[in-house]
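Asks: predicted coordinates and the sequence they were generated for:
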Amino acid sequence: GAVVSQHPSRVICKSGTSVKIECRSLDFQATTMFWYRQFPKQSLMLMATSNEGSKATYEQGVEKDKFLINHASLTLSTLTVTSAHPEDSSFYICSARGGREETQYFGPGTRLLVL
Amino acid sequence: AQKVTQAQTEISVVEKEDVTLDCVYETRDTTYYLFWYKQPPSGELVFLIRRNSFDEQNEISGRYSWNFQKSTSSFNFTITASQVVDSAVYFCALSEYNQGGKLIFGQGTELSVKP
């Protein structure tokens, strides 16, 4: 199956700093990538959809200035949590799908802890 | 409006028992896709199956089987002869055609298989 990597897998940062998370499709071209957030014991919440070369589409209630998404190439999307605060602590997961493929393949996730 | 309901929050079984995870969906579209993903404790979502709305054939893959019934808007997942390694959270998800691949997830069912 298709492989998606995410880096870093875990990050601890101080309040007020920015954190960048990378999502890469390793063996296919991802025309669309998705960013999710998951709180403990809860389902995945879609934050935004990004298509290569265009601006991301954010879900209602997600601050685009807070969560910057860049999809610069067909294999890489980044999520930057700007001026992170403790309430941003969460598990962030990306997924990718290629072309007309309907299946999303997920990365291993990034656990963010903001102190 | 689209919605996915997994009424079983937690299920606990003893190894070798069969277990069925329920999934009920709502959509107005005639073309849609249904998915099951497995999320083990490590956090990564593992793709298990995709079904499109025009294919109601049941599917079997090893100990896994899926029962898709449009008449009841259900897409249930059965694990036969469960094993401890099956312990995970299982998510059912819906994607509607022309929605850019956005997945709507159910709340997830946490399956615990005890030895």
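Replies: That came through, no problem.
Asks: please confirm that residue B:71 is located within a strand.
Replies: No - counting by DSSP: H, G, I helix; E, B strand; the rest coil, residue B:71 is not part of a strand but helix.
Asks: list the residues that contact residue A:107.
Replies: For residue A:107, the contacting residues are A:4, A:5, A:6, A:23, A:93, A:94, A:95, A:96, B:44, by Cβ atoms under 8 Å, 6 or more residues apart in numbering or on different chains. Every C-beta, even on glycine, is put in place using the N, C-alpha and C of the backbone.
Asks: which members of those are positioned in strands?
Replies: Residues of the contacts of residue A:107 located in strands (DSSP state E): A:4, A:5, A:6, A:23, A:93, A:94, A:95, A:96.
Asks: the fifth one pairs with what?
Replies: Read it as residue A:93. residue A:36 (DSSP bridges).
Asks: what count of nearby residues applies to it?
Replies: Neighbour count for residue A:93, taken as other Cβ atoms under 10 Å in any protein chain shown: 26.
Asks: interface residues of chain B facing chain A?
Replies: Counting by Cβ under 8 Å from any Cβ of the partner chain, chain B comes close to chain A at B:33, B:35, B:37, B:42-47, B:50, B:52, B:91, B:95, B:100-103, B:105-108.
Asks: do that again at 7 Å, thanks
Replies: Residues of chain B lying close to chain A (Cβ under 7 Å from any Cβ of the partner chain) are B:33, B:43-45, B:47, B:50, B:91, B:95, B:100-103, B:105-108.
Asks: greatest separation within these: which pair is it?
Replies: B:43 and B:100 (24.9 Å; Cβ to Cβ).
Asks: ok, the two, which is more surrounded?
Replies: Neighbours per residue (other Cβ under 10 Å) separate residue B:43 from residue B:100, with residue B:43 holding more: 17 against 13.
Asks: next up, the contacts around that one.
Replies: Residues near residue B:43 by Cβ atoms under 7 Å, 6 or more residues apart in numbering or on different chains: A:91, A:108, A:109.
Asks: those residues: which ones sit near chain B?
Replies: A:91, A:108, A:109.
Asks: which among those residues end up buried?
Replies: Taking 16 or more other Cβ atoms under 10 Å in any protein chain shown as the criterion, what is buried in the ones next to chain B among the contacts of residue B:43 is A:91, A:109.
Asks: okay, and which of the ones next to chain B among the contacts of residue B:43 map to strands?
Replies: residue A:91.
Asks: let's have the ones next to chain B among the contacts of residue B:43 in TSV, adding distance to residue B:57 and pLDDT.
Replies: Output for the ones next to chain B among the contacts of residue B:43, formatted as TSV (distance: Cβ to Cβ, whole Å; pLDDT from 0 to 100):
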residue	distance to residue B:57	pLDDT
A:91	35	97
A:108	32	96
A:109	33	96
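Asks: the spatially closest residue to residue A:105 that is not a sequence neighbour sits in which helix or strand?
Replies: Nearest residue to residue A:105, sequence neighbours excluded (Cβ to Cβ, 6 or more residues apart in numbering or on different chains): residue A:2, at 4.2 Å. Using DSSP states H and E, residue A:2 sits within no helix or strand.
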